[in-house]
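# Fold the following and give me the result.
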Amino acid sequence: MRNNYSKYKWVNSDTNSLFEAILTLESIEEARDFFRDLLTEQEITEFGQRWKVARLLAKDIPYTQIEKKTGMSSKTIARIQKWLKDGMGGYLTMIKKLGEKGGL
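All right, here's what the predicted structure looks like:
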């Protein structure tokens, strides 16, 4: 899926540079170090939880079970579901690429 990124304000030389830096990470250790310098511990944890929710939703796990497993609110789960179904395709692309490696 290709998106028309020119219409988004968040797409600019700074974010492109960030994404290019991410693409050069070669190990989980490099990723941990880079993201820990870039983000707070809470932000990293939040991103991890969102990723977990997306993978659970892709497996058709009910919201109530996802709430129990993650502690995320039903509102947040619904927002992730919206992006999973109608977003830019990023969640589904990564879920497919990782297959069982992205398991829970």
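# Would you mind giving both backbone torsions of L84?
phi -60, psi -40 (degrees, to the nearest 10).
# Surely it and Y91 touch.
Yes - counting by Cβ atoms under 8 Å, L84 does reach Y91; the two are 4.9 Å apart. Yep, even glycine has a C-beta here, placed from its N, CA and C like the rest.
# Which residue of these two possesses the greater neighbour count?
For the pair L84 and Y91, the greater number of neighbours falls to Y91 (21 against 18), based on other Cβ atoms under 10 Å.
# so the more buried one is in which element?
helix 90-98 (DSSP states H and E).
# Which secondary structure elements does that helix sit against?
Packing partners of helix 90-98 (3 or more Cβ pairs under 8 Å, 6 or more residues apart in numbering; DSSP states H and E): helix 41-58, helix 74-86.
# CSV for those helices, including mean pLDDT and distance to A31?
Formatted as CSV, the helices and strands packed on helix 90-98 follow (pLDDT from 0 to 100; distance: least, Cβ to Cβ, whole Å):
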stretch, mean pLDDT, distance to A31
helix 41-58, 96, 10
helix 74-86, 95, 21
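# So for S13, which of these sits nearest?
Proximity to S13 (Cβ to Cβ) singles out helix 41-58 among those, at 22.5 Å.
# So for this protein, the centremost residue is which one?
W51 (4.5 Å; Cα atoms, centre = their mean).
# Restricting to C-alpha, output stretch 77-84 in PDB.
Provided in PDB are the C-alpha atoms of stretch 77-84 (Å, rounded to 0.1, in the frame of the first residue of the first chain):
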ATOM      1  CA  ILE A  77      -8.100  -0.300  22.000                       C
ATOM      2  CA  ALA A  78     -10.900   1.100  19.700                       C
ATOM      3  CA  ARG A  79      -8.500   3.700  18.400                       C
ATOM      4  CA  ILE A  80      -5.900   1.100  17.600                       C
ATOM      5  CA  GLN A  81      -8.600  -1.000  15.900                       C
ATOM      6  CA  LYS A  82      -9.500   2.000  13.800                       C
ATOM      7  CA  TRP A  83      -5.900   2.400  12.600                       C
ATOM      8  CA  LEU A  84      -5.500  -1.300  12.200                       C
END
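# what does it contact?
R50, V53, A54, L57, A58, Y63, I66, E67, T70, Y91, L92 (Cβ atoms under 8 Å, 6 or more residues apart in numbering).
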